[in-house]
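>>> With the input below, show me the fold.
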Amino acid sequence: MKKNLLGAIACLSMFATTSIAQTIIPCGTNQALEYCIKNIPGYKAQMEAKKAAIDADLQTKMQNMAAKTSTLPASYTFTIPTVFHILHMNGSENISDASCIAALNQVNKDYARKGADTTQIDPLYEPLYVNSHIQLQLAKKDPYGNCTNGIVHHYNVNTNWEQNDIYNFEYSTVGTYNWNSSKYLNIYIVKNIISGDPNQQGIIVGYTYKPGTAPNTGADAIVYRHDFLSGLNARSLSHELGHWLGLGHTFGDGNSAGSICGNDDIADTPATSGFFSTCPLPYTALNDSCDPGNRPNINNIMDYSGCPMMFTQGQTSKMRGICESSVANRKNLSDTANLILTGILNNTTTVCGPIADFYANKIYSCAGQSVTYNSTSYNSTAITNYTWTFDGGTPSTSNAPSPTVLYNNPGVYGATLTVSNANGTSTVSRADFVTVRWNSEINTFPHTESFEAGVLPDRWSVYNLDYNTISWQICNYGSQGTGKSMLLPNANGGYWYDNIDILETPQFNFNNTTNISVSFDYSYARRPGTTGEVFKFQYTTDCGGNWTDMPGTPSTTVMAASGGTMTAPYIPFTSNKWVTKTYNPISIAALNNKRDVKFRFYFNNDPMTGSAQNLYIDQFSISATVGLEEFANEIGLAIYPNPTNASSTIEFTSSSDSKVEISVYDVTGRKVEESSLNASAGVLTKHEVNKADNLTAGVYFVTLSMNNQKVTKKLIIE
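Residues are numbered from 1 along each chain as shown. Got it, this is the predicted structure:
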């Protein structure tokens, strides 16, 4: 989704009264500051002392500039060595190097007054927009002096970034081989920034700490969401860089543009309440009661307006002054010695050696299926050699960038990749990388699980991806008059962001099986103000390597109709709180004749609020037509009358003396009738189904089992 933040996100305002799942918080800098003030002893006093030192230093520098006695001319360019740390778990957040480079180019245009839209700036403020001569350049040497392209990919669970964890900045500390913040501007690119403030929930685009206010050395960095780097969205990164260089919001230290009057203590930016994703025209008609007689600088990048395009002369002077300041080592970054150290100057290497990295299209598979590997090696686009080795796979070696490997035997297997070019070689090995599972376990249908045993059924699995939070469990409330069901007790916990819980079924063999029908009962309510939670019912045909949504699965909005909206933990006390969801054979025909099929119930709490209500699942059932038509033809199987409004006769002829089991199932997979009989060789055998006329109108499945073979026929009772 394209997001022109500080541009085209008016419908996603953090103050919108629509779904909280739509809220966007353009900047979390003030949230981060407030957390430190409230939770770190002595932080506020330290911050105020640093601010006083910066203000005094800046005042001196401004006076020197005004008196033309500054040691640096206005045209002097402050070059800041920069490194992107892409934190990922092999999802879309593992963005390309090109995305980082394009975003950096946009930032540099904003700071050099080279944007294509400068002609659209309010004429009152356009003359104040000057080239700051502040530029970011990707570092060319890493902390060990090795060649780097300035973009590092880290497989790291902190891609779901907790804003209140001030020790997440593991790559920018003063530790060995870390990108020390006194030498590099570190930009952490993450999947999601999770706020710890329940009153400030939403999609946080980025945040940083102003000079001298970072709670530790590593935190003197910028954190930024991966999906706001494209095009003009990168102006949000320009906004965060402005904070990193000492600027405040034009509307003051708060995070709520448009609410109260504020200012940034810079003379040529008028006091304003700020704008959120709007850009009212014409500019000449604008008026701001915060500064009577002056119209607001709506185009300012440090506002939240919908048309950010510029900085003022005063903002530029302050940022340049910060670049000369010793506070937070800003001056050291652009000093000649550091530019040599980081490879910006006196560096002749143009192509780096690669750093090996890889992933696969899946890390779970079935025996007899294939896995495709992909090199995600970085630091160089000029890789000339790939050497793979695969434990337990066929082939066992490969020189292709993206080989496909067959695993015939169950087990857990490792893989190794070596990449090289003329400038270097790198190897990465991952033990226990791919898990190859046994083939299907259950091939008898209908199959029903009602959880009445009071324990997790055999071969069912629960995955709690957040470890310390509660997850699926058996409870004492069942559907259709039963006493048990599976419960996901979301209402019993706190606010869990990006919380995912999974309930998996056993594996089913639908080989030679058609006319498959799957059903389950559910009951769900919703917490007030929560609308972004996600429920999925999915299937896999490769032992969990890839999951596909079952067509027609109800949304949480539809499901919540069963229980309503409530704050107290939801319990389905009455039978009318349960709903049966059935997937008919036509909708899931893709599963016909598949050998390895598993289902799962997937639930993700509202990502904005971290909250959800209790979810109940019961009466999981599968019915299917099993067996080859050749077997039915061989025994002359017939069932008549069909349809019928009473009983029906099933007849067949066995080729040998055999024991026969005949069972009748309803569409949910519950067995409603069963019989055992003996068939004599060559003798026509007849059996009456629904002899007592107990079956109500509907569709049923009659299964005949004989001599280790089985066949199922549909029976319609009118």
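>>> Pretty sure residue 316 sits in a helix.
Yes. Per DSSP: H, G, I helix; E, B strand; the rest coil, residue 316 lies within a helix segment.
>>> What are the contacting residues of the helix or strand hosting residue 716?
Under the criterion of DSSP states H and E, residue 716 resides in strand 709-717. Strand 709-717 is contacted from outside by 444-445, 515, 624-628, 631-632, 637, 639, 642-645, 648, 650, 664, 689-690, 695-704, using CB atoms under 8 Å, 6 or more residues apart in numbering. In short, each C-beta sits where N, CA and C put it, glycine included.
>>> In helices, which of these appear?
631, 632 (DSSP state H).
>>> State the phi and psi torsions of the closest residue to residue 239 other than its chain neighbours.
Distance criterion CB to CB, 6 or more residues apart in numbering; nearest residue to residue 239, sequence neighbours excluded, is residue 301 at 5.5 Å. Main-chain torsions, residue 301, degrees, to the nearest 10: phi -70, psi -20.
>>> What distance do you get for residue 301 to residue 333?
Counting by CB to CB, to the nearest Å, the gap from residue 301 to residue 333 is 21 Å.
>>> Looking at the two, which one has more neighbours?
Taking other CB atoms under 10 Å, residue 301 and residue 333 do not tie; residue 301 has more neighbours (24 against 21).
>>> For the helix or strand containing residue 35, give me every contacting residue.
Assigned by DSSP H and E, residue 35 belongs to helix 29-39. Contact with helix 29-39 is made by 25, 43-44, 47, 163-164, 166, 195-197, 200, 204, 207-210, 213, 215, 240, 243, 249, 253-255, as judged by CB under 8 Å, 6+ apart.
>>> Taking those, please make a PyMOL selection of just the buried ones.
Typed into PyMOL, the next command selects the buried ones out of these (criterion: 16 or more other CB atoms under 10 Å):
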select buried, resi 25+43+47+163+166+195+196+200+204+207+208+209+210+213+215+240+243+249+255
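>>> chain center to the helix or strand that contains residue 370, what's the gap?
Taking DSSP H and E as the criterion, residue 370 maps to strand 369-375. Centroid displacement of strand 369-375 relative to its chain, using CA atoms, centre = their mean, to the nearest Å, is 22 Å.
>>> Equivalent analysis for stretch 675-690, please.
Worked out by CA atoms, centre = their mean, stretch 675-690 lies 57 Å from the chain centre.
>>> For it, could you pull out the residues that count as buried?
For stretch 675-690, a neighbour-count test (16+ other CB under 10 Å) marks 679, 685, 687, 689, 690 as buried.
>>> now do stretch 401-411
Buried, per 16+ other CB under 10 Å, within stretch 401-411: 403, 405, 407, 410.
>>> Over to stretch 689-702?
Neighbour counts using 16+ other CB under 10 Å place 689, 690, 695, 700, 701, 702 of stretch 689-702 among the buried residues.
>>> Let me see the contact set for the fourth one.
The one in question is residue 700. Neighbours of residue 700 in contact, by CB under 8 Å, 6+ apart: 664, 665, 666, 667, 672, 714, 715, 716, 717.
>>> From those residues, which one has the minimum pLDDT?
Here the lowest pLDDT out of those sits on residue 667, with 70.
>>> Quick test: name the residue nearest the centre of this structure.
residue 191 (6.3 Å; CA atoms, centre = their mean).
>>> and the gap between residue 681 and residue 658?
Distance from residue 681 to residue 658, counting by CB to CB: 8 Å.
>>> ugh, wrong one, residue 674
17 Å.
>>> ok, now residue 186?
Where residue 658 is concerned, residue 186 sits at a distance of 75 Å (CB to CB).
>>> Of the two, which one has the most company?
Neighbours were tallied for residue 186 and for residue 658 using other CB under 10 Å; the higher tally belongs to residue 186 (25 against 18).
>>> Verify the stated contact: that one with residue 86.
No. Taking contacts as CB atoms under 8 Å, residue 186 lies outside contact range of residue 86: 11.7 Å.
>>> in stretch 580-596, what's buried?
Using 16+ other CB under 10 Å as the test for burial, stretch 580-596 gives 581, 583, 585, 588, 591, 592, 594, 595, 596.
>>> isn't the second one right next to residue 517, touching?
What it means is residue 583. Yes. Here residue 583 reaches residue 517: they are 6.6 Å apart, a contact under CB under 8 Å.
>>> shared neighbours, the two?
By CB under 8 Å, 6+ apart, no residue touches both residue 583 and residue 517.
>>> How about residue 616, nearest residue that isn't a chain neighbour?
The spatially closest residue to residue 616, leaving aside those adjacent along the chain, is residue 523, at 4.3 Å (CB to CB, 6+ apart).
>>> For that neighbour, grab the count of nearby residues.
By other CB under 10 Å, 26 other residues sit near residue 523.
>>> ditto for the one 4 residues further on
Under the neighbour criterion other CB under 10 Å, residue 527 is assigned a count of 22.
>>> And for residue 88?
Number of residues near residue 88 (other CB under 10 Å) recorded here: 21.
>>> go on, the one 3 residues further on?
Counted with other CB under 10 Å, the burial measure for residue 91 works out to 9 neighbours.
>>> Per-residue pLDDT of it, please?
89.
>>> And it, its phi and psi?
Residue torsions, per degrees, to the nearest 10, at residue 91 are phi -110, psi -160.
>>> List the residues that contact it.
Contacts of residue 91 (CB under 8 Å, 6+ apart): 159, 191.
>>> That one and residue 226, how far apart?
9 Å.
>>> Find residues that contact each of these two.
With CB under 8 Å, 6+ apart as the test, residue 91 and residue 226 both reach residue 191.
>>> low-scoring stretches of the stretch 501-650 of the chain, by residue?
Counting by pLDDT under 70, the stretch 501-650 of the chain shows low-confidence ranges at 607-610, 627-630.
>>> Do you have the strands of it handy? List them.
Counting by DSSP state E, counting those that start in this stretch, the stretch 501-650 of the chain has strands at residues 513-524, 534-540, 548-549, 579-583, 597-604, 615-626, 638-640, 648-653.
>>> Include distance to residue 355 when you put those strands into CSV, please.
Below are the strands of the stretch 501-650 of the chain laid out as CSV (distance: least, CB to CB, whole Å):
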stretch, distance to residue 355
strand 513-524, 45
strand 534-540, 32
strand 548-549, 34
strand 579-583, 46
strand 597-604, 33
strand 615-626, 43
strand 638-640, 66
strand 648-653, 67
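>>> so which of these is the most packed in?
With neighbours defined as mean count of other CB atoms under 10 Å, these peak in mean count at strand 615-626, which reaches a mean of 25.
>>> So which other helices or strands are in contact with that one?
Counting contacts by 3 or more CB pairs under 8 Å, 6 or more residues apart in numbering; DSSP states H and E, strand 615-626 packs against strand 447-449, strand 485-488, strand 500-508, strand 513-524, strand 597-604, strand 698-706, strand 709-717.
>>> one more time with 7 Å, if that's ok
strand 447-449, strand 485-488, strand 500-508, strand 513-524, strand 709-717 (3 or more CB pairs under 7 Å, 6 or more residues apart in numbering; DSSP states H and E).
>>> Let me know which of these is the nearest to residue 329.
Shortest separation from residue 329 across the helices and strands packed on strand 615-626 is recorded for strand 500-508, at 39.8 Å, computed as CB to CB.
>>> mind listing the helices in the chain by residue range?
29-39, 43-66, 97-112, 235-244, 313-323, 330-334, 336-341, 556-559, 629-634.
>>> tilt between the third one and helix 313-323?
Meaning helix 97-112. Taking axes from the mean of the first three to the mean of the last three CA atoms, to 10 degrees, helix 97-112 and helix 313-323 form an angle of 120 degrees between their directions.
>>> Between helix 235-244 and helix 97-112, find me the angle.
Using the same axes, to 10 degrees: helix 97-112 against helix 235-244 is 60 degrees.
>>> on that earlier part again, doesn't residue 563 make contact with the residue nearest to residue 616?
Yes. Using CB atoms under 7 Å, residue 523 is in contact with residue 563, at 5.8 Å.
>>> Mind listing the shared neighbours of those two?
Counting by CB atoms under 7 Å, 6 or more residues apart in numbering, the residues touching both residue 523 and residue 563 are 572, 577.
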